[in-house]
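[1] model this:
(one chain, ligands or ions: 1)
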Amino acid sequence: MTKEKWGQLRQRLLKTVGQNNYKTWIEPLEFQAANDGIATFEVPTNFMGNYVSQNFADLILHELKSENPEICRLNFAVSAKGSPRVATAPQAANTPGQPDARTRTGNGNAMNTAPLDKRFTFDNFVVGKPNELAHAAARRVAEGGPVTFNPLFLYGGVGLGKTHLMHAIAHELQERRPDLNVLYLSAEQFMYRFVQALRDRKMMDFKEIFRSVDVLMVDDVQFIAGKDSTQEEFFHTFNALVDQNKQIIISADRAPGEIKDLEDRVKSRLQCGLVVDLHPTDYELRLGILQSKVEVQRANYPDLQVEDGVLEFLAHRISTNVRVLEGALTRLFAFASLVGREINLELTQDCLSDVLRASERKITVEEIQRKVSDHYNIRLSDMIGPKRLRSYARPRQVAMYLSKHMTSRSLPEIGRRFGGRDHTTVMHGVRRIEELKQQDGQIAEDLELLRRALEA
Ligand SMILES: Nc1ncnc2c1ncn2[C@@H]1O[C@H](COP(=O)(O)OP(=O)(O)OP(=O)(O)O)[C@@H](O)[C@H]1O
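    The predicted structure follows:
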């Protein structure tokens, strides 16, 4: 393998990954060497190395193997050259430290932004596997350096920390780049301002304010779905800022492509930067968050002790979202302080019995069948019935797969609920989806979406 050969191979990747991904992630990789089956690339940042390794490693390996079948692993080494090279998506970057001539100083702008929560800082954000990529991307944008991905689109289920990260970016930018004009608001506020400007015939002012920010942050963008004029205005604002190479950060409860009633052109704009997902929390992350939030509670209740095992118990039992977890802890401290008792397992079960019961909610096979048939737009009776057409069989297999993984039902029990099918049919269906999940991005996306909807 030589650098020249890599130059040729990566052209093939351009076709597979598309222009935007190619420019952002593949082009900046500098091939160094291939030794002992390991191909080493130099990357401008750790973040880029991680992202490429998680998302494009298989494709890159596939191309490299066509040249040198011995290559079986990739290694990404951060460039020692210092300043990161900027991937050019979609415009050339600003030079850090040299604000654009149009930049207005300070944070005060004529538009009322949503107030930032002082607690939502990077220091208070606990990082684990499910949110590490979102956190790294947010940190990167918060440096206020060259615009590498525009927009940064953060999405995830309820209470997983999207707003926290957005505020953390805004706080950090205020600190590092006080010269930048940062505007944070919810999509609802965007719409409200827009409607107000229309009503007061102040559209020119509205446009002027939104087009003169350096960083625009819009939270919960799914809110503008179905609101045609607001979407239209948002689209123009978005384009104007991207044209000026101003950073845009968006959050939503789902991926751009999954937001119903959002115009295709808006979806496609939202997808053209970096889209990162905050995954549902795992046990370790929940425990980490609880430990960090206990410290906060201790400031209010310095005399209260938490017995060993309580946090582990909560992290196990409350897996819905971080907001619920946080609320449970606040309640626990308040309750313990009122009754003058130590926080132990018994008190926790007494005080939080309703929260714990709610978290025990069991997902049923019937619920899964309903959700899956809605998702694929087929009738429930066709999903359960005998028809073997692919358009029914695939959703049926998806529902079998989810039933196997999200309920405690055995294969024969699942079979019975699918029109009395044999357990081997269920097993075959589950295996088929397991295979497809690896090969077919659409199936993987459907599964993730359905799992989230069922867990919500
Ligand atoms: N990783 C984390 N570390 C510390 N706190 C967290 C973390 N994730 C979420 N939280 C806390 O959970 C609460 C809910 O988070 P946040 O409001 O950011 O969620 P969200 O994803 O914006 O939810 P929604 O979709 O409801 O707007 C906040 O108090 C936040 O500080």
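[2] ok, Leu116 touching Tyr184?
    Yes - between Leu116 and Tyr184 there is a contact under CB atoms under 8 Å: 6.6 Å. C-beta here means a position set from N, CA and C on the backbone, and glycine is covered the same way.
[3] More neighbours: those two, which one.
    Tyr184 (23 against 19; other CB atoms under 10 Å).
[4] list the contacts for the residue nearest to the more buried one when sequence neighbours are not counted?
    Excluding the flanking residues, the one nearest Tyr184 by CB to CB, 6 or more residues apart in numbering is Met217, at 4.2 Å. Applying CB atoms under 8 Å, 6 or more residues apart in numbering to Met217 gives the contacts 166, 169-170, 182-185, 248-250.
[5] Flag every residue of the chain that's near the ligand.
    120, 124-126, 131, 156, 158-164, 220, 253, 289, 322-323, 326 (CB under 6 Å from any ligand atom).
[6] Go again with 8 Å.
    Taking CB under 8 Å from any ligand atom as the contact definition, the chain meets the ligand at 117, 119-120, 124-128, 131, 135, 156-167, 219-220, 251, 253, 278, 281, 285, 288-289, 292-293, 321-323, 325-326.
[7] Report the buried members of those residues.
    120, 124-128, 131, 135, 156-157, 159-167, 219-220, 251, 253, 278, 281, 285, 288-289, 293, 321-322, 325-326 (16 or more other CB atoms under 10 Å).
[8] now that we have the contacts of Met217, which one has the most neighbours?
    When neighbours are taken as other CB under 10 Å, the top entry among the contacts of Met217 is Ile169 (29 neighbours).
[9] give me every residue that touches His316.
    Neighbouring residues of His316 by CB under 8 Å, 6+ apart: Tyr283.
[10] how about it, secondary structure?
    helix (DSSP: H, G, I helix; E, B strand; the rest coil).
[11] For the closest residue to Asp219 other than its chain neighbours, the count of nearby residues, please.
    Once flanking residues are discounted, Asp219 sits nearest to Ser186: 4.6 Å by CB to CB, 6+ apart. The number of residues packed near Ser186 is 18, by other CB under 10 Å.
[12] hmm, back to that, need the overlap of contacts for Leu116 and Tyr184.
    By CB under 8 Å, 6+ apart, Leu116 and Tyr184 have these common neighbours: 167, 170.
[13] The closest residue to the ligand within the chain: what's it in contact with?
    As assessed by CB to the nearest ligand atom, the ligand sits closest to Gly161 within the chain, at 2.8 Å. Each residue near Gly161 by CB under 8 Å, 6+ apart is listed here: 125, 131, 134, 278, 322.
[14] Dump those into JSON lines; add secondary structure and pLDDT as well.
    Listed next are the contacts of Gly161 as JSON lines, based on DSSP: H, G, I helix; E, B strand; the rest coil; pLDDT from 0 to 100:
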{"residue": "Phe125", "secondary structure": "coil", "pLDDT": "96"}
{"residue": "Asn131", "secondary structure": "helix", "pLDDT": "94"}
{"residue": "Ala134", "secondary structure": "helix", "pLDDT": "96"}
{"residue": "Leu278", "secondary structure": "strand", "pLDDT": "93"}
{"residue": "Val322", "secondary structure": "helix", "pLDDT": "91"}
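[15] show me the contacts for the residue nearest to Asn68 when sequence neighbours are not counted.
    The shortest distance from Asn68 to any non-neighbouring residue, by CB to CB, 6+ apart, is to Met1 (5.1 Å). By CB under 8 Å, 6+ apart, the contact set of Met1 is 31, 33-34, 39, 64, 67-68, 71.
[16] now with 7 Å?
    For Met1, the contacting residues are 34, 39, 64, 67-68, by CB atoms under 7 Å, 6 or more residues apart in numbering.
[17] repeat for Trp25
    Here Trp25 is in contact with 51-52, 56 (CB under 7 Å, 6+ apart).
[18] Let's have those in TSV, adding neighbour count and pLDDT.
    Listed next are these as TSV, based on neighbours: other CB atoms under 10 Å; pLDDT from 0 to 100:
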residue	neighbour count	pLDDT
Tyr51	21	76
Val52	22	82
Phe56	19	82
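[19] would you say Phe153 is within a helix?
    No - using three-state DSSP, the secondary structure at Phe153 is strand, not a helix.
[20] pretty sure it is touching Pro256, no?
    Yes - using CB atoms under 7 Å, Phe153 makes contact with Pro256 at a distance of 6.2 Å.
[21] Spit out the residues that contact the two alike.
    Residues within reach of Phe153 and of Pro256 at once, by CB under 7 Å, 6+ apart, are 270, 275.
[22] With neighbour numbers in mind, choose between the two.
    Remark: of Phe153 and Pro256, Phe153 carries more neighbours, 24 against 21, as counted by other CB under 10 Å.
[23] what's the spacing between the more buried one and Ala255?
    8 Å (CB to CB, to the nearest Å).
[24] Could you pull up phi and psi at the residue lying farthest from the centre of the chain?
    For the chain, the largest distance from the centre (CA atoms, centre = their mean) belongs to Gly340, which lies 41.1 Å off. When read as degrees, to the nearest 10, the backbone of Gly340 gives phi 60, psi 40.
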